[in-house]
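task: produce atomic coordinates for the following.
(2 chains)
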Amino acid sequence: MKIERSMSSARRTGDIFSYIGLVLLSIVWLLPIVSIILQSFKVENGAHYKNVWPKKWTLNNYKELLRIGYSKEQKEASYAKFDEWFLNTFFVAVLVCLISTFFVLSVSYTMSRMRFKMRRTFMNVALILGMFPGFMSMIAIYMILKSFGLTETLTSLILVYSGSTGLGFYVAKGFFDTIPKAIDEAAWIDGATKWQVFTKITMPLSKPIIVYTVLGGFSSAWMDFIFVNYVMGARTDKYTVALGLYKMIDSEHIGQYYNQFCAGAVLVSIPLGALFVAMQKYYTEGLSGAVKG
Amino acid sequence: MNESTSSASLPSKVDFDVNVFSVIAQIFQHGDIFTKASFGIMGLSNLVRGQIIKGLLFLGSEIAFLVYLFSGIKFSSDTTAHEYCGVKDFKGLFTLGTKDNVYKEALENGITVQQKVVAGDDSSLFLLFGVVSLIIICGFVILWKANVKSAYLAQYAVERGRKPTTIFKDLSDLFDSKLHNTLLLLPLVGITAFTVTPLIYMILAAFTNFDKTHNGVAARFHWVGLKNFAEVLGGGAAYGNTFWRILGWTFIWAIFATFLCYLGGMLLALLINRKGIKYKALWRTVFVMSVAIPQFVTLLTMRMFLQRNGILDGLLGRSENTSLDLLGKALSARISVIIVNCWVGIPYTMLIMTGILMNIPADLYESAKIDGATKYVMFFKITLPYMIFVTTPHLIQQFIGNINNFNVIYLLTGGGPSLDMMYEAGSTDLLVTWLYKLTLDKGDYCFASAIGICIFIISATFSLITYRRSGSYKNEEEFQ
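Numbers count the residues shown, from 1 in each chain, chains lettered A, B, ... in the order given. As a prediction, the model looks like this:
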């Protein structure tokens, strides 16, 4: 009896400390995010603003960012074209997402389920190919794109972001590895072709990893600001949000656009964050395999 | 091969289970006149034996290849666009261009200047399209090999008194026994075009003197052998000294960044998944928010937060003169980037770890309990080994990812604060960010490539060794 009570009190102290720890850590993780949200509503412009809490509140930063109520000339004159950037990024992201999901699932399923010559070689090569730093590649890719007349187009971004995604098959392969092979074999005995097994049996069992791959593909276009900078040059109307926001706080523009940058960061984060949080369950499952028991 | 092994009554004279060259030699030896002719005119054997579509595809690709090789193809209406022409491109790989710029003296505002009249050959284009031609030729050789094999198989089917496979059978095979070819085709084309080609280009550039004064536009560059490596590794020039110092910091950074994230993520996952903690999903979501928000946003936010006179100074009530200036001093900047990287990386690791924790079979713990194992024993004998087994590939990827972690450094400090005695590098610069500066800001392509190859060798050796030793590689078949 006594022992039990001391156990439970030890557990309770442990719980209290755990909660305190979690609250403190949450503050550390939320503070920068909250501060950006608050700053997106402030009237006073400039990055060197001393207070975290705005003295005056406004929605103008958002209005100006989305160029609401701007005339055509004003729209063209403004350096920040967030609404166009957002649509560009969305368009590129959707297509990249489709292509890269197809690539990743194809390669990973092949590597997990089929045995053929060169398989091990391919896997080893794929592992090390990703280790070359990519800046020289960027120069080469730019010249190839130019020979096809594709620079300063969104097509080039789609090609580059989705082109080599087949190399990132390791996580999905790990997932497919955990689906018992006996299921495939049973289907073969029943006369299914390998393609039918892939589409009708493995895919429906693989929802988590599909979600994981789709999220990865969708987000790549929102992250990159290096390559798009190199390809688009001064064509601000073809920028993506990442590059646009990055440029809004370079030394030339930060004074004018700091508040709008904060507003833009919020606007980008809301859809992506919501998507991610909604898919969180699948995301963790996708990373940890399909087998249950 | 399937046809020859699965339904043969007459054994094939060609043994396909040997190396490529002897298979081709055997086919030439045992092939009839049409099969032999298919070595030159692709698809002939197929055409003669009724495999019309297959034969035409082979023949068509040969014609397309010959057009590329000798006459050249243009893919853009732009007059300056490159004309893909196999023979010319391939030759260019060795010469790297032959015509120099032609200059003329001219007067500009009373000063004599050299004016470019005729632009010479741009070596960088010669190098790139030489590589492209090499890859197209390799691709064609693979196709040619398939053609030879298919030619013999058609002949063999007729010899056995059977009909060669129809196009429908071939197509349905591509979705069954040869599904791997179908699924891999497009991804491989993408990888070749966007990773392999640029990579070979980059590797070759390390053996030239492709720098800011010889960049193809200002002047041609040419092959110089191993000179760049000697300069980078020898430590004689400014590059050498900087290289070794940055390499050291890169490793310190990668080790701390990887293991602190791993440890922190694991502890956080254990904390949230502790028995007795309520609203687990809510806690997870709080931390996941920083993963969900695009990384460049969080990193730029952190820069605003930490920089001189940033938000942190505001919160602490510090003025211009008393600013903490965390990113402005070498040591504090280094510590800051590592901590910020933890801030970015821990929630991600936590997510992965949570999934794995939930997946550990519960019966392991139950039987351990029956055997009287304490919590600590269970953690170190069950939880930890299981997690390490599952996450080894992830850990290696993270380590390599951190060696090449461009975003965190570039967005937070841009490599600064600057240091003395370093060539174009600051105290938080990793090899990758240094490379970025060397290529895109300075135009020292050949040195950047040489350094890139060094980074590659380091990370490739490291990860291949660890990966091959890890359980998840060795026991691949077992685990399934």
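
which residue sits closest to residue A:83, ignoring its sequence neighbours?
The spatial neighbour of residue A:83 that comes closest, neighbours along the chain excluded (CB to CB, 6 or more residues apart in numbering or on different chains), is residue A:66 at 5.2 Å. Backbone N, C-alpha and C define where each C-beta goes, glycine included.

any regions of the stretch 151-293 of chain A where pLDDT drops low?
A:287-293 (pLDDT under 70).

redo that, cut-off 50
A:291-293 (pLDDT under 50).

mind listing the helices for it?
In the stretch 151-293 of chain A, the helices defined using DSSP state H, counting those that start in this stretch lie at A:154-163, A:170-177, A:181-189, A:194-196, A:203-205, A:207-223, A:226-232, A:241-248, A:254-288.

what angle do the longest one and helix A:207-223 make?
Right, helix A:254-288. 160 degrees (axes from the mean of the first three to the mean of the last three CA atoms, to 10 degrees).

now find how far off-centre helix A:254-288 is within its chain.
In terms of CA atoms, centre = their mean, to the nearest Å, the centre of helix A:254-288 is set 9 Å apart from its chain centre.

enumerate every residue touching the residue nearest to residue A:276 when sequence neighbours are not counted.
For residue A:276, ignoring the flanking residues on the chain, the nearest one in space by CB to CB, 6+ apart is residue B:292 at 3.5 Å. Contact analysis of residue B:292 by CB atoms under 8 Å, 6 or more residues apart in numbering or on different chains lists A:269, A:272-277.

phi, psi for residue B:292 please.
Here the main-chain torsion angles of residue B:292 (degrees, to the nearest 10) amount to phi -70, psi -30.

from residue B:18, how far off is it?
Noted for residue B:292: a distance of 54 Å to residue B:18, by CB to CB, to the nearest Å.

now swap in residue B:398 and tell me
Relative to residue B:18, and taking CB to CB, residue B:398 is found at 42 Å.

those two: who's more crowded?
Ranked by neighbour count (other CB atoms under 10 Å in any protein chain shown), residue B:398 and residue B:18 place residue B:398 first, with 22 against 11.

what sits against that one?
B:258, B:261-262, B:345.

before we move on, what about residue A:170?
A:108, A:126-127, B:393, B:397.

any chance of these in TSV, with distance to residue B:340 too?
Formatted as TSV, the contacts of residue A:170 follow (distance: CB to CB, whole Å):
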residue	distance to residue B:340
A:108	32
A:126	30
A:127	28
B:393	25
B:397	20
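
next, count neighbours for the closest residue to residue A:124 other than its chain neighbours.
Nearest residue to residue A:124, sequence neighbours excluded (CB to CB, 6+ apart): residue B:464, at 6.9 Å. Neighbour count for residue B:464, taken as other CB under 10 Å: 16.

just residue B:254 next, same as before
So residue B:254, with other CB under 10 Å, has 21 neighbours.

figure out the helix or strand that it lives in.
helix B:238-272 (DSSP states H and E).

is that helix in proximity to chain A?
Yes - if you take CB under 8 Å from any CB of the partner chain as the test, helix B:238-272 does meet chain A, through B:268, B:271-272.

for those, which one is nearest chain A?
Taking CB to the nearest CB as the measure, chain A sits nearest to residue B:271 out of these, at 5.8 Å.

for the nearest residue to the closest one once chain neighbours are set aside, give me its contacts.
Nearest residue to residue B:271 in three dimensions, chain neighbours excluded: residue A:18, at 5.8 Å (CB to CB, 6+ apart). By CB under 8 Å, 6+ apart, the contact list for residue A:18 reads B:271, B:274, B:276-277.

which of the residues you listed sits closest to chain A?
For these, the nearest to chain A is residue B:276 (4.7 Å; CB to the nearest CB).

on the three-state scheme, residue B:35 is what?
helix (DSSP: H, G, I helix; E, B strand; the rest coil).

again with residue B:105
Relying on three-state DSSP, one would call residue B:105 strand.
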